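[1] here is a sequence with its predicted model. Questions after.
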Amino acid sequence: MQERLESTEKKIQRAFIVGLELPIRRSDGWNADESMDELERLIDTAGGVVVGREKQTRPKPEVATFIGSGKAQEIEELRRHLEFDLVVFDSELTPTQQRNLEEIIDCQVLDRTAVILDIFAQRARTREARVQVELALQNYRLPRLTGKGIELSRQGGGIGTRFGAGETKLEVDRRRIRERIAALKVELEEIRIHRARLRQDRAGGAVPVVALTGYTNAGKSTLHRALAGSDVLAEDRLFATLDATTRRVEPQDAEPYLLVDTVGFIHNLPTFLVAAFRSTLEEVNEADLLLHVVDAGHLKRAEQMQTVVDVLTELGAGARPTLVVYNKADQVEPGDLEHLLTHTPGSVAVAAALGQNLDGLQKAIHDALQNRRETLELLIPYAKASWLAWAHERGRIIMEEHQETGTLIKVELERGLAGRLKAGLER
Ligand SMILES: Nc1nc2c(ncn2[C@@H]2O[C@H](COP(=O)(O)OP(=O)(O)OP(=O)(O)O)[C@@H](O)[C@H]2O)c(=O)[nH]1
Ligand SMILES: [Mg+2]
């Protein structure tokens, strides 16, 4: 019994977290403590426990060691008392910084990105999610192959080692990772093409697609369950969802639509990670309507919203028709909620977990979908036949008739696309 207890205890890694406070207020609105609170939740989700934290204020990061080397020494001394197994920095470390820090602090040193990757690795279920996560992970590992993390990972398990490490020599490892990255890219491209094809079939069916998007833990999956009766996982953890799950919703007295649940965003998400999830997130890019789900009661609500808008823009979905959904309305004073709603035109407040105001949301979704499409009747001259193929690809053809000078079509298209078609024919 004693032995058993010990062995389970060993699995929970003890982490120490480190953040840097820059004297100038950060442009993203987060201070070091708030960001470290979030890191603590990330580590909890990854299966670790935070046993202490340290914050250093300095004008800018130290090139060689990120924090001052004296501070790193102090952390090494703390390690002997607090007995932590890893130190996690709340920023991206360069491979050199990571190595130098491991010279001073005698345990594994990780950064925020590694923790996020670790959560992704643990939670990815579908083939697509696994391929995407592994690609991100291998890209992250490649420049870091000489770090202590690799040595330690041979001893098995723990945050930041989930995909295991090679036992062979460094150069062989490097080559193998490069080959693996190439293979993963090919596999991902196949998945992407397959997804695009599925979407195209859907476009033909003209069932509109509504995608849930938002900061992690805002309640997207809870809302998916409430609206679509799905059984997607919803829990009070960061990054509960990694896959895009699609269900058909059939509201009373309104047209049906497909509702997609997607991976959440977080601030300081490195670009390469966003890029790795491009295939899943293309669902967002191609949706007829985005529901930007916001945790209305969160202290960092405004900053979280900004992060979501920034990532969406990075993904090229910044201009998609979007409906802001203030969720967890039960956690906000009615006066504050009123204020939020008046300052975000067209927004809706709900409490997904309690089923509050779902009818109001359905109506708002219906209205937004009604608005999104336009039917055009026009003649495409044979000289501009490429626009006919274009219309077939992007719209729903209602009528098509070949005439003397061109093809007369009646097509239903998204408003923006309709504008492009008209402009293209006039040119
Ligand atoms: N009080 C309150 N809690 C809610 C509400 N909606 C969701 N929650 C809780 O918020 C937590 C996160 O919910 P999820 O639905 O998993 O959030 P998510 O946006 O899918 O999160 P990720 O998939 O991790 O990005 C859960 O503990 C939910 O029970 C609500 O209306 N009110
Ligand atoms: Mg979710």
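    Sure, I can see it. Numbers count the residues shown, from 1 in each chain. Ligands and ions are numbered 1, 2, ... in the order given.

[2] residues in contact with residue 214?
    220, 264, 265, 291, 292, 293, 294, 304, 308 (Cβ atoms under 8 Å, 6 or more residues apart in numbering). Bear in mind the C-beta positions are built from the backbone N, C-alpha and C, glycine included.

[3] which residues does the fourth one bridge with?
    Put plainly, it is residue 291. Beta-bridge partners of residue 291, counted by DSSP bridges, are residue 212, residue 323.

[4] need the contact list for it.
    210, 211, 212, 213, 214, 223, 322, 323, 325, 365.

[5] most neighbours out of these, which is it?
    Among the contacts of residue 291, residue 212 has the most neighbours (other Cβ atoms under 10 Å), with 30 neighbours.

[6] that residue contacts residue 220, correct?
    Yes - counting by Cβ atoms under 8 Å, residue 220 is a contact partner of residue 212 at 4.2 Å.

[7] up against ligand 2, what does the chain have?
    Neighbours of ligand 2 within the chain, by Cβ under 5 Å from the ion: 220, 221, 240, 241.

[8] which members of these are positioned in helices?
    Residues from the residues of the chain next to ligand 2 lying in helices, with DSSP state H as the criterion: 220, 221.

[9] most widely separated two among the residues of the chain next to ligand 2?
    Between any two of those, the greatest separation by Cβ to Cβ is 9.1 Å, found for 220 and 240.

[10] out of those two, which sits in the more crowded spot?
    residue 220 (29 against 21).

[11] distance check, the more buried one against residue 308.
    Using Cβ to Cβ, to the nearest Å, one gets 11 Å for the distance from residue 220 to residue 308.

[12] could you do residue 182 as well?
    From residue 182 to residue 308 the distance is 32 Å (Cβ to Cβ).

[13] neighbour-wise, which of these two wins?
    residue 308 (25 against 10).

[14] quick one: the helix or strand encompassing residue 281 to chain centroid distance?
    For residue 281, the enclosing helix or strand under DSSP states H and E is helix 278-285. Chain-centre distance of helix 278-285: 10 Å, with Cα atoms, centre = their mean, to the nearest Å.

[15] can you check stretch 117-137 too?
    Counting by Cα atoms, centre = their mean, stretch 117-137 comes out at 12 Å from the chain centroid.

[16] C-alpha coordinates for it, CSV please?
    Output of stretch 117-137 as CSV, limited to C-alpha atoms (Å, rounded to 0.1, in the frame of the first residue of the first chain):
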residue,chain,number,x,y,z
LEU,A,117,2.0,21.5,-26.2
ASP,A,118,2.0,18.9,-23.4
ILE,A,119,-1.7,19.5,-22.7
PHE,A,120,-2.4,19.2,-26.4
ALA,A,121,-0.5,16.0,-26.6
GLN,A,122,-2.4,14.5,-23.7
ARG,A,123,-5.8,15.5,-25.1
ALA,A,124,-5.6,15.1,-28.8
ARG,A,125,-7.9,12.2,-29.7
THR,A,126,-8.7,12.2,-33.4
ARG,A,127,-6.0,11.5,-36.0
GLU,A,128,-6.2,15.1,-37.2
ALA,A,129,-5.6,16.5,-33.8
ARG,A,130,-2.8,14.1,-33.1
VAL,A,131,-1.0,14.9,-36.4
GLN,A,132,-1.3,18.6,-35.8
VAL,A,133,-0.1,18.4,-32.2
GLU,A,134,2.8,16.1,-33.1
LEU,A,135,3.9,18.4,-35.9
ALA,A,136,3.9,21.4,-33.5
LEU,A,137,5.8,19.3,-31.0
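
[17] can you give me the buried ones in it?
    Neighbour-count burial for stretch 117-137, counted by 16 or more other Cβ atoms under 10 Å, picks out 117-121, 123-124, 128-137.

[18] give me the neighbour count for whichever residue of the chain sits closest to ligand 1.
    Nearest to ligand 1 in the chain, going by Cβ to the nearest ligand atom, is residue 264, at a distance of 2.6 Å. Counted with other Cβ under 10 Å, residues neighbouring residue 264 total 25.

[19] just give me the neighbour total for the closest residue to it other than its chain neighbours.
    Once flanking residues are discounted, residue 264 sits nearest to residue 216: 3.2 Å by Cβ to Cβ, 6 or more residues apart in numbering. Neighbours of residue 216 under the rule other Cβ under 10 Å: 26.

[20] list the contacts of residue 216.
    Contact analysis of residue 216 by Cβ under 8 Å, 6+ apart lists 238, 239, 240, 264, 265, 266.

[21] go with 10 Å
    Taking Cβ atoms under 10 Å, 6 or more residues apart in numbering, we find residue 216 in contact with 38, 41-42, 45, 116, 119, 237-241, 263-267, 269, 295, 304, 307-308.

[22] cool, thanks, talk later.
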